[in-house]
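> Okay, predicted coordinates and the sequence, questions at the end:
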Amino acid sequence: MTELLAALADTSPDAEELRSLRIAAAFYAAMKASNGKRGWQADLVRETGLTRETIRRHIEDERIRRGEIPPTRRYLADQERKARRRSG
């Protein structure tokens, strides 16, 4: 949880992508640590102020990056949008 709160606190514009990756990794770790217990997402919602959907998307993205699940249309569209922003 400390890592997650530290990631949320870092708000510099240059660190947005890194921050998002750190948050996703922390949510993924929280999911794994929950061992199937009920209410772990609700605890994260209360603790972070983010919605369950935001938490779910971060975890889904992390699972895609780790190769656990295939990329979704949403993930691919986000990657394409990020690539367009970078190129200018």
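Happy to help now that I have it.
> Other residues contacting the host helix or strand of residue 55?
Element membership for residue 55, per DSSP states H and E: helix 52-65. With CB atoms under 8 Å, 6 or more residues apart in numbering as the contact definition, helix 52-65 has outside contacts at 20, 23-25, 27-28, 31, 41-42, 44-45, 48, 69-72, 74-75, 78. The C-beta positions use only the backbone N, C-alpha and C, and glycine is treated the same way.
> Give me the buried entries from those.
Buried members of the contacts of helix 52-65, counted by 16 or more other CB atoms under 10 Å: 23-25, 27-28, 31, 41, 44, 48, 75.
> neighbours of residue 65, just the number please.
Number of residues near residue 65 (other CB atoms under 10 Å) recorded here: 15.
> any idea how far it is from residue 2?
Remark: distance between residue 65 and residue 2 (CB to CB, to the nearest Å) = 22 Å.
> got it, and residue 78?
Separation of residue 78 from residue 2 (CB to CB): 27 Å.
> Please apply the same query to residue 50.
Noted for residue 50: a distance of 17 Å to residue 2, by CB to CB.
> So these two - more neighbours on which side?
Taking other CB under 10 Å, residue 50 and residue 2 do not tie; residue 50 has more neighbours (15 against 7).
> And what about that one, helix, strand or coil?
Following DSSP: H, G, I helix; E, B strand; the rest coil, we place residue 50 in the coil state.
> quick one: contacts for the closest residue to it other than its chain neighbours?
Nearest residue to residue 50, sequence neighbours excluded (CB to CB, 6 or more residues apart in numbering): residue 44, at 7.4 Å. Counting by CB under 8 Å, 6+ apart, residue 44 makes contact with 4, 27, 30, 50, 55.
> Please enumerate the helices of this protein.
Here the chain has its helices, by DSSP state H, at 2-9, 16-34, 40-48, 52-65, 73-87.
> Give me the contacts around the shortest one.
To tie it back to what came earlier, the one meant is helix 2-9. Against helix 2-9 from outside (CB under 8 Å, 6+ apart): 19, 22-23, 26-27, 29-30, 44, 47-48.
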